[in-house]
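1. using only what follows, build the 3D model:
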Amino acid sequence: MPPRRHGPGAKGPVVNLRTAGPVSVRRGGSAVLPSVLTFLVIVASGGLLLMIEKGLLSGVETPPPIGAGRRPHDPRRTGGLQPANDDDVDSQILQEIRNRTIRTVCGQKSMPQDVWSLSALQRRTLLQHVLVNDRHRFLYCYVPKVACSNWKRVLKVLSGALESVDVSVKMDHRSDLLFLHSLKPEEIRYRLEHYFKFMFVREPMERLLSAYRNKFGEIESYQRKYGVEIARRYRKPPAKDAAAPRGDDVTFSEFVRYLLDEDAERMNEHWMPMYNLCQPCAVRYDFIGSYERLEADAELVLRRVGAPPAVRFPERQTWYKPVTAETLHYFLCGLPRRLLRELLPKYILDFSLFAYALPNTTAAHCRR
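-> Residues are numbered from 1 along each chain as shown. Below is the predicted model of the structure:
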């Protein structure tokens, strides 16, 4: 069954829910699960009412971790890696939390169980975002605004198309890259079954804000294609003698209103939910890295796939403008509460499956 769509009509009291601290876990032979609050977030979200009606969250039992019961630090999964420091241990705990959360939700009969159970649109979107490296036998599902340009640069180095990740060339996002959708069905099946599969995720609202600032603040093609349309949709009709909108002054509130009117499965890839892009219910990813610990997780992946020691993950460009906690706080707290209440359910699977807490936008927090 296709993933649920979380549209503008899906409302629920989700804004004030937030985990109070790090996700609690139980170690040993018992399950390592996100806190109960993560599931309360799902239940509280009107965007997932259909999931509840189908019993998706009822009677949930602890599933085994991804990888036929092997723990994330099993040498067979990590290329012989063992925890080197506390950061590695933290990463493995997060991997296990994500694995078990995904298996808990995705293990239900109503969710897609493999790539071939997706709708044609969902499958096309997924296969167009999975990159293949046959030399090192891995698949990478790229998510825009989660360091995907740098990962594509790494793939080009590994395939021999680029000499080094430091080569100063404009990134071509299509050439010298092999996409899974270009292969035959039997070739796709083989690679999905036998290759190491990974993706990287980012705090959903931070990723959304990054896309807004980049595309509407810097990229003229996006301003013309999307910005002009947004201005026409959500502003009062201009006076007859007023200049036509150029799309370079779209506000964040206008952008959010546009998102609420969009079908998540047909969005532009830069703001499409990560769930819809990479379909973690249909693909059993061996590793889900975090943008928040990009360098360490990228190094783990490169070691796991057997990349040559000289190949490293690129450093961030000097012109890169990070989304700071203060910037995110400013933009989210500046949104009308109604818009945020309706926006969060649209990305609720990104929050819950990848173990991100919902943003705190209570009046008291926003006054800080």
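2. give me the distance between residue 293 and residue 225.
-> Distance, residue 293 to residue 225, using C-beta to C-beta, to the nearest Å: 34 Å. From N, CA and C alone the C-beta is placed, and that goes for glycine too.
3. residue 283 now?
-> For residue 283 relative to residue 225 (C-beta to C-beta), the value is 30 Å.
4. who has more neighbours out of these two?
-> More crowded of residue 283 and residue 225, by other C-beta atoms under 10 Å: residue 283, with 21 against 13.
5. the more buried one - nearest residue in space that isn't next to it in sequence?
-> Nearest non-adjacent residue to residue 283, counting by C-beta to C-beta, 6 or more residues apart in numbering: residue 197, 6.1 Å away.
6. now do the helix or strand encompassing that neighbour: which elements does it pack against?
-> When elements are assigned from DSSP states H and E, residue 197 belongs to strand 196-201. Strand 196-201 sits against strand 138-141, helix 274-278, strand 287-290, helix 294-304, with contacts defined as 3 or more C-beta pairs under 8 Å, 6 or more residues apart in numbering; DSSP states H and E.
7. chain center to that strand, what's the gap?
-> 10 Å (C-alpha atoms, centre = their mean, to the nearest Å).
8. buried residues in the next helix or strand after that strand, which are they?
-> Stepping forward along the backbone from strand 196-201, the first helix or strand reached (DSSP H and E) is helix 204-217. Judged by neighbour count (16 or more other C-beta atoms under 10 Å), helix 204-217 contains these buried residues: 204-212, 214-216.
9. wait, residue 307 touches residue 136, no?
-> Yes: Residue 307 lies in contact with residue 136 (C-beta atoms under 8 Å); the separation is 6.6 Å.
10. of the two, who's got more company?
-> Applying other C-beta under 10 Å to residue 307 and residue 136 shows that residue 307 carries more neighbours, namely 20 against 17.
11. what is the neighbour count of the residue nearest to the more buried one when sequence neighbours are not counted?
-> Spatial nearest neighbour of residue 307, excluding adjacent residues (C-beta to C-beta, 6+ apart): residue 158 at 6.2 Å. When neighbours are counted by other C-beta under 10 Å, residue 158 registers 20.
12. can you confirm residue 158 is in a strand?
-> No: applying DSSP: H, G, I helix; E, B strand; the rest coil, one finds residue 158 to be helix, outside a strand.
13. where's it relative to residue 313, distance?
-> Counting by C-beta to C-beta, the separation of residue 158 from residue 313 is 12 Å.
14. thinking again about what came up before, mutual contacts of residue 307 and residue 136, please.
-> residue 158 (C-beta atoms under 8 Å, 6 or more residues apart in numbering).
15. what's the angle from the lengthiest helix in the chain to strand 196-201?
-> Longest helix in the chain, counting residues (DSSP state H): helix 86-106. Here helix 86-106 runs at an angle of 100 degrees relative to strand 196-201 (axes from the mean of the first three to the mean of the last three C-alpha atoms, to 10 degrees).
16. what about residue 186, neighbour count?
-> Residues within reach of residue 186, counting by other C-beta under 10 Å, total 8.
17. and it, what element?
-> Applying DSSP H and E, one finds residue 186 within helix 185-194.
18. residues making contact with that helix?
-> Contacting residues not belonging to helix 185-194 are listed as 115, 127, 132, 137, 139, 180, 183, 283 [C-beta under 8 Å, 6+ apart].
19. adding pLDDT and secondary structure, write those residues out as CSV.
-> Listed next are the contacts of helix 185-194 as CSV, based on pLDDT from 0 to 100; DSSP: H, G, I helix; E, B strand; the rest coil:
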residue, pLDDT, secondary structure
115, 97, helix
127, 98, helix
132, 98, strand
137, 97, coil
139, 98, strand
180, 98, helix
183, 98, coil
283, 97, coil
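20. OK, contacts around the residue most central in space within the chain?
-> The chain has residue 274 as the residue nearest its centroid, 3.2 Å off, counting by C-alpha atoms, centre = their mean. When contacts are counted by C-beta under 8 Å, 6+ apart, residue 274 is found next to 143, 146, 199, 201-202, 204, 207, 350, 354.
21. repeat that for residue 141.
-> Residue 141 touches 126, 129-131, 197-199, 277-278, 283, 285, counting by C-beta under 8 Å, 6+ apart.
22. if we can go back for a sec, between the helices and strands packed on strand 196-201, which one is nearest to residue 154?
-> Across the helices and strands packed on strand 196-201, residue 154 has its closest neighbour in helix 294-304 (7.5 Å, C-beta to C-beta).
23. and the angle from the closest one to helix 86-106?
-> If you take the same axes, to 10 degrees, helix 294-304 sits at 80 degrees to helix 86-106.
24. buried residues in helix 294-304?
-> Going by neighbour count (16+ other C-beta under 10 Å), the buried part of helix 294-304 is 294, 296-298, 300-302, 304.
25. show me the contacts for residue 298.
-> Counted by C-beta under 8 Å, 6+ apart, residue 298 has contacts 147, 151, 154, 289, 313.
26. quick check: closest non-adjacent residue to the last one.
-> Yep, that's residue 313 we're talking about. With C-beta to C-beta, 6+ apart as the criterion, residue 313 has its nearest non-adjacent residue at 3.8 Å, and that residue is residue 298.
27. if I look at that neighbour, how far off is residue 270?
-> Look at residue 298 and residue 270: by C-beta to C-beta, they are 21 Å apart.
28. same check on residue 192?
-> Distance, residue 192 to residue 270, by C-beta to C-beta: 25 Å.
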